[in-house]
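Asker: only geometry, no sequence info:
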């Protein structure tokens with residue numbers, strides 16, 4: 001938190017809590033670990049990214065070959081630093097992965 005001009009500002013929002021931590025705690029009584037939440041957000045963000053690539057291909061480049069989508073999905077999966085978020089996961093990686101997902 002930061003105090004600026006008499007007001008406190010929180011760097012990390014409540015989105016991960018509202019999307020994952022609180023619902024899982026209420027439904028199952030299980031509090032998920034940060035590495036599990038980061039991996040879930042990273043996988044979800046990858047799936048959303050591939051879906052967006054597919055939608056862009058269908059809408060703007062309908063005659064592009066299918067291997068272009070596969071290559072784009074491989075780049076999205078392996079050429080981004082998102083996979084590094086699961087190395088030594090702490091609290092700080094959770095909102096970063098959540099932002100990648102959303």
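Answerer: Right, received. Where do you want to start? Note that the structure is a prediction, hence the values are computed from the model and not measured. Numbers count the residues shown, from 1 in each chain.

Asker: where along this protein do the helices fall?
Answerer: 15-16, 22-28, 34-60, 66-78, 93-101 (DSSP state H).

Asker: partner strands of the worst-scoring helix or strand of the chain on mean pLDDT and their direction?
Answerer: One helix or strand of the chain scores below all others by mean pLDDT, DSSP states H and E: strand 7-9, with a mean of 74. Here strand 7-9 is paired, per DSSP bridges, with strand 2-4 (antiparallel).

Asker: state the mean pLDDT of the partner strand.
Answerer: Strand 2-4 carries an average pLDDT of 76.

Asker: could you pull up phi and psi at residue 80?
Answerer: Note on residue 80: its backbone torsions stand at phi -120, psi 150 [degrees, to the nearest 10].

Asker: what's the neighbour count on it?
Answerer: 14 (other C-beta atoms under 10 Å). Quick note: C-beta positions are derived from backbone N, CA and C, even for glycine.

Asker: again, but for residue 2
Answerer: Residue 2 has 8 nearby residues by other C-beta under 10 Å.
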